[in-house]
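Trainee: What shape does this take:
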Amino acid sequence: MKKKVAVGLSGGVDSSVAAYLLKEQGYDVIGVTMQIWQDENPIDMAENAGCCGLSAVDDARRVADMLDIPYYVMNFKHEFKKNVIDYFVDEYVHARTPNPCIACNRYVKWEALLNRAMELSCDYIATGHYARITKLSNGRYALRKSATVKKDQTYALYNLTQNQLSRTLMPVGEYEKDEIRRIAQEIGLLVADKKDSQEICFIPDNDYASYIKKETGRQFPQGNFVDLQGNVLGRHKGIIHYTIGQRKGLGLSLGKPAFVLELRPDSNEVVIGTNEDTFHSELIANHMNAMAVDSFDHEMHVTAKIRYSHQGAPCTIKKIDNERIVCSFEEPVRAITPGQAIVFYDDDIVVGGATILGLGGN
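Mentor: Predicted coordinates for the structure are as follows:
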């Protein structure tokens, strides 16, 4: 009997080819698009909902028709609002820089979709992510980096659980991006040349501050730019406009490049310094998720990425208590940012990850 798989169709080329590949491999494939938009205005939904807007639904439906697979649009509006939008806004309000895609992957694209897929008697869910899943000799499931290094998306998937990994297929991870587009062209998919979505889907204009003001109904007052000694350097336009390591858009004329070092919500201050001041060797992280290992109880030497675009740097992980770990880097790393994920690798295997809480002691 064929294994049944629900493929999350975003209307893009990667998920579309994932559905095709799985059907070719003999799976009983159904296509699912997640309805997450919050605005009921049809024009806004069509134009401004990124990978999950009405135009994406139309593209996904056409792909399903072409592949001759059943197609469903499932409402995950509540789950997306609670686990992604509310989290995103709350993190910025508390002067942290969130990772909405990681939250969406963990709680919407996997937890909610997997539960709904099980109701449809599916054995697996599948996505078009550039990552691979492997079962290790210790019996645990883990992510492996994609064959396409530049497109690897394991960083944004580190928080998946063992149950989720065991029920997930990621066929695109074995291919280069150019190969995926070529396959799409060969089988005549209309989305073969469709551009990848880059922005956060619920903030298509990338104006985070305006979005946060609208969601909270609050204004965020101006405050002082200060240096490390507490000297006032100027006025900032509201703390939600800034993130650690930022250089552009500060509006300061100091005669030398200036960078954001710290956000202080209690005093409404933004600390400014030099690029050298942005480098640190140690951080504290919490909300850990162990993937390739059972836990972080034992000291480990790994390569860690502190943001999606970070190349990774050697570090040592030590457990502080049941809630926190300390990560010590061999060489200082730039712009350690509270709220961002730190993801640990052993070669191309994801060991696990955590959320950056703040700087360590050095």
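Trainee: Do you have the helices of this protein handy? List them.
Mentor: With DSSP state H as the criterion, the chain has helices at 13-24, 42-48, 54-67, 77-80, 86-93, 100-104, 113-119, 162-166, 177-186, 208-216.
Trainee: Flag the shaky bits of the chain, pLDDT-wise.
Mentor: For the chain, the stretches flagged by pLDDT under 70 are 38-55, 197-199, 362.
Trainee: which residues touch the nearest residue to residue 331 once chain neighbours are set aside?
Mentor: Of all residues not flanking residue 331 in the chain, residue 313 sits nearest, at 6.5 Å (Cβ to Cβ, 6 or more residues apart in numbering). All C-beta spots, glycine's among them, are computed from the backbone N, C-alpha and C. Residues near residue 313 by Cβ atoms under 8 Å, 6 or more residues apart in numbering: 303-304, 306, 329-331, 333.
Trainee: Tell me what residue 313 is bridged to.
Mentor: residue 304 (DSSP bridges).
Trainee: That one and residue 291: what is the separation?
Mentor: Separation of residue 313 from residue 291 (Cβ to Cβ, to the nearest Å): 19 Å.
Trainee: And for residue 12?
Mentor: Taking Cβ to Cβ, one finds residue 12 at 26 Å from residue 291.
Trainee: for residue 276, same thing?
Mentor: Using Cβ to Cβ, residue 276 is found at 34 Å from residue 291.
Trainee: Quote the end-to-end distance of stretch 81-90.
Mentor: Start-to-end span of stretch 81-90 (Cα to Cα, to the nearest Å) is 12 Å.
Trainee: ok, back up a step: deepest in the core, which of the helices of the chain is it.
Mentor: helix 13-24 (a mean of 24; mean count of other Cβ atoms under 10 Å).
Trainee: what angle separates that one from helix 54-67?
Mentor: 20 degrees (axes from the mean of the first three to the mean of the last three Cα atoms, to 10 degrees).
Trainee: Would you mind telling me which of residue 12 and residue 291 has more residues around it?
Mentor: residue 291 (25 against 21; other Cβ atoms under 10 Å).
Trainee: That one reaches residue 346, doesn't it?
Mentor: No. The criterion here is Cβ atoms under 8 Å, and residue 291 misses it with residue 346 at 10.4 Å.
Trainee: those strands in the stretch 151-300 of the chain, which residues are they?
Mentor: 168-169, 223-226, 232-236, 259-264, 269-273, 279-290, 300-305 (DSSP state E, counting those that start in this stretch).
Trainee: which one of the contacts of residue 313 is nearest residue 241?
Mentor: residue 306 (21.7 Å; Cβ to Cβ).
Trainee: Please list all residues in contact with that closest one.
Mentor: Contacts of residue 306 (Cβ under 8 Å, 6+ apart): 283, 313, 333, 335-337, 340-342, 356.
Trainee: redo that, cut-off 7 Å
Mentor: Shown in contact with residue 306 (Cβ atoms under 7 Å, 6 or more residues apart in numbering): 333, 336, 340, 342, 356.
Trainee: Ok, residue 120 next?
Mentor: 6, 30.
Trainee: so who does residue 19 touch?
Mentor: 7, 9, 29, 31, 63, 67, 69.
Trainee: any idea how far the residue lying closest to the fifth one once chain neighbours are set aside is from residue 181?
Mentor: If the residues on either side of it in the chain are set aside, residue 63 comes closest to residue 16, at 4.4 Å by Cβ to Cβ, 6+ apart. To residue 181, residue 16 is 11 Å away according to Cβ to Cβ.
Trainee: got it, and residue 256?
Mentor: Distance from residue 256 to residue 181, by Cβ to Cβ: 45 Å.
Trainee: My guess is residue 7 contacts residue 27. True?
Mentor: No. Taking contacts as Cβ atoms under 7 Å, residue 7 lies outside contact range of residue 27: 8.9 Å.
Trainee: Comparing those two, which residue is more hemmed in?
Mentor: More crowded of residue 7 and residue 27, by other Cβ under 10 Å: residue 7, with 34 against 22.
Trainee: and residue 289, how many neighbours?
Mentor: Using other Cβ under 10 Å: residue 289 sits among 17 other residues.
Trainee: got a list of what the nearest residue to it once chain neighbours are set aside touches?
Mentor: Excluding the flanking residues, the one nearest residue 289 by Cβ to Cβ, 6+ apart is residue 159, at 4.8 Å. Listed by Cβ under 7 Å, 6+ apart, the contact set of residue 159 reads 102, 106, 289, 353.
Trainee: let's go with 8 Å and repeat that
Mentor: 102, 105-106, 289, 341, 353.
Trainee: cool, residue 133 as well?
Mentor: So residue 133 contacts 141-144, 165, 168-170, 173 (Cβ under 8 Å, 6+ apart).
Trainee: mind giving me TSV with these and columns for distance to residue 247?
Mentor: Shown next, in TSV, are the contacts of residue 133 (distance: Cβ to Cβ, whole Å):
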residue	distance to residue 247
141	40
142	36
143	33
144	35
165	38
168	39
169	41
170	36
173	34
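Trainee: pretty sure residue 17 contacts residue 182?
Mentor: No. Using Cβ under 8 Å as the test, residue 17 is too far from residue 182 to be in contact (9.5 Å).
Trainee: Dump stretch 278-298 to CSV, keeping only the CA atoms.
Mentor: The C-alpha trace of stretch 278-298 is given here as CSV (Å, rounded to 0.1, in the frame of the first residue of the first chain):
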residue,chain,number,x,y,z
THR,A,278,30.4,44.5,18.4
PHE,A,279,32.7,41.5,18.8
HIS,A,280,32.3,39.1,21.8
SER,A,281,33.5,35.6,22.7
GLU,A,282,30.7,34.3,24.9
LEU,A,283,26.9,34.2,25.0
ILE,A,284,24.2,32.7,27.1
ALA,A,285,21.3,30.9,25.4
ASN,A,286,18.0,29.3,26.6
HIS,A,287,15.0,27.5,25.1
MET,A,288,17.3,24.7,24.0
ASN,A,289,16.3,22.0,21.5
ALA,A,290,18.6,18.9,21.3
MET,A,291,18.4,17.2,18.0
ALA,A,292,21.3,14.8,17.2
VAL,A,293,21.9,14.3,21.0
ASP,A,294,19.7,13.5,23.9
SER,A,295,20.6,16.7,25.8
PHE,A,296,23.2,19.3,26.4
ASP,A,297,24.3,17.8,29.7
HIS,A,298,27.8,17.2,28.6
